[in-house]
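K.L.:
Give me a 3D structure for the following:
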Amino acid sequence: MKNSHLALALFTLFAFGLYSCKKYVNHSVRKSYTDVNKVLHADASQNPFFKIHFKNGNVSTLEYWHITSSKDSLKGEGALYDLNRNNIEDGQLSFAIEDMAIIETNNLDQLKSKDSERIALLSILTAANVILDLVCLANPKACFGSCPTFYVNGDDMIHGANAEGFSNAISPALEYGDIDALQHSTSKERFQLTMKNEAFETHMVNELALFAVPKSRDENVFHDNDGNYYKAKEIVEPSSASAEGKDIRSLICGIDETEYFSLTDSFDLTKKEEVILEFENMPNERHGIVINHRQTLLTTFLLYSGLSYMGDEVGDYFAKIETNRYIKKKLGSPFKKLGGIKMFVWDPAKRKWKFVEELYETGPIAENLIISPIWNMQPQGGKMKIKLEMSKGLWRIDHIGLSSIENPVEPLKVHPSEIDIVEGGAYFPEDVSADDEEYLISFPGDEFNLQFDFPKLPYGEKYELFLSAKGYYLEWMRSSWLEGKDLPKLKRMLMHDRQTWRELAIEFKSMEHEMESVFWSSKYPVLEQDQQNQ
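P.N.:
Okay, here's the model as predicted:
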């Protein structure tokens, strides 16, 4: 699911540093390419540029370009550099689009032209969002970012999103699908869901669907981390709940957006905390831990820091994700040591904690409601004790409870029957019902209404709804990020250098108190309105 965007991708980027420094550098010619790259980005907010990273490692910088009538190639005027960044050709050039890995440009209008769909699928926009820098000048690493957001009622309230899609997929090669509980049920045969692009990003949506599980009025339905769906009885609230010795029961009882969260350690972002919960009067049945949660803005800060350290070489790093499968597959997450939410159940017979599951769901926007089944353990004397272990300042917990569960049930999968454009909509296929090469492409401010049709239900039943979304998105590079280029620090960050992470902890601590307010006040519609008022 969600946004702060990130983990697998950034460590994959580190691979570029590990595997690309071992040979070939013609320093005099390399300097020529580096100078060209600096000039392009230094004046990126004023003069249009177009930079292509190819799958074979070559790079081209173009002043003028256009898509050919066949829409499978591009022609332009500029320079071509080989893998070692030696200049090998100048003048009129022609390239097949299928040979391109990642594109950098600041020309949004040309990307939105009707013949540029395949280019838009690969393009990182740089310095095209000047107004963003004005709004977020004081704290550019806290500015709003989000993958597609989904609303049951077309809600545009700050915290109104019911779901956000594929938050870790920040590059084409990292495309994936995830499932989010909409926390909404309906008995209607026609249902509408609104999808928005509320950030300075380009969203590529491949497949959308709703999973629907019929239920009676007194039943709940939850999904687990493995894609299973369970009908469940009433949620049992904890009789006591504490974190670091403080009573937090009032914060985590009930799904009500009243959240428990802590602050990060001043010098160690990996410092852990524990939440202890006790339950009483439990039936002697199989249970699952029900948790409603989202992330804080810590991983958003870390992602934006990494992008900032890349500076004007961000395209080179993202191209490596696209072109080196071994690196993408082999290496893990740079944020792995931050960890997820580890859940344990107390085993009174063995007098020790038994591990249940570790949850990790990226994103600071929509809350993620999920269940973790507890296998081979039942309440003893009607009591059960649960422990959560997590990094301080990384998670916001709205609710934790227990619910008895039955065997998994099979959901109904329904694709949109109609897609209506509310705003924008440069490109979209006839449907998004298949995992294929056709994408709905969404730019900042775009909005769509998705219609779903369900079979009629017996009287008294409703469908509990879960959103399945597959795709990826490309972050737009803020001009203020380009100024923070520091490739050695990027490498140290991704190698988990202790001093670098200590510096990151100190930097985040200095802005932690205002991150939420800056983040939510810089959503794209807010920025657009501010620009109109200037």
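K.L.:
Strand partners (parallel or antiparallel) of the helix or strand where Gly288 lies?
P.N.:
According to DSSP states H and E, Gly288 maps onto strand 287-295. Counting by DSSP bridges, the strands paired with strand 287-295 are strand 368-373 (antiparallel), strand 395-409 (antiparallel).
K.L.:
immediately after it, which helix or strand?
P.N.:
Downstream of strand 287-295, the first helix or strand assigned by DSSP H and E is helix 298-310.
K.L.:
got the angle for that next one vs strand 395-409?
P.N.:
Calculated by axes from the mean of the first three to the mean of the last three C-alpha atoms, to 10 degrees, helix 298-310 forms an angle of 110 degrees with strand 395-409.
K.L.:
what mean pLDDT does helix 298-310 have?
P.N.:
When pLDDT is averaged over helix 298-310, the result is 90.
K.L.:
Which parts of the stretch 1-150 of the chain are strands?
P.N.:
Per DSSP state E, counting those that start in this stretch, the stretch 1-150 of the chain carries strands over the ranges 50-54, 59-67, 73-81, 87-96, 100-105, 123-125, 149-151.
K.L.:
So what's the gap between the lengthiest helix in the chain and the chain middle?
P.N.:
For the chain, the helix that runs over the most residues, judged by DSSP state H, is helix 498-521. Distance of helix 498-521 from its chain centroid, counting by C-alpha atoms, centre = their mean, to the nearest Å, is 19 Å.
K.L.:
can you list the residues that contact that helix?
P.N.:
Here helix 498-521 makes contact (C-beta atoms under 8 Å, 6 or more residues apart in numbering) with 135-136, 138-139, 141-144, 158-159, 263-270, 296-298, 300-302, 305, 364, 393, 489, 492-493. Where C-beta positions appear, they are placed from N, C-alpha and C, glycine not excepted.
K.L.:
how about the strands of the stretch 251-400 of the chain, start to end?
P.N.:
Here the stretch 251-400 of the chain has its strands, by DSSP E, counting those that start in this stretch, at 260-261, 272-279, 287-295, 341-347, 352-359, 368-373, 384-391, 395-409.
K.L.:
Between those, which one is closest to Phe211.
P.N.:
Among those, strand 395-409 comes nearest to Phe211, with 10.6 Å by C-beta to C-beta.
K.L.:
how about that closest one: buried residues?
P.N.:
Trp395, Arg396, Ile397, Asp398, His399, Ile400, Gly401, Leu402, Ser403, Ser404, Ile405 (16 or more other C-beta atoms under 10 Å).
K.L.:
If we ignore the residues flanking it in sequence, what's nearest the fourth one?
P.N.:
Nearest non-adjacent residue to Asp398, counting by C-beta to C-beta, 6 or more residues apart in numbering: Asn292, 4.2 Å away.
K.L.:
any idea how far the one you found is from Ala366?
P.N.:
10 Å (C-beta to C-beta, to the nearest Å).
K.L.:
Same check on Phe50?
P.N.:
With distances taken as C-beta to C-beta, Phe50 is found 35 Å from Ala366.
K.L.:
Please identify which of the two sits among more neighbours.
P.N.:
Neighbours per residue (other C-beta atoms under 10 Å) separate Phe50 from Ala366, with Ala366 holding more: 28 against 23.
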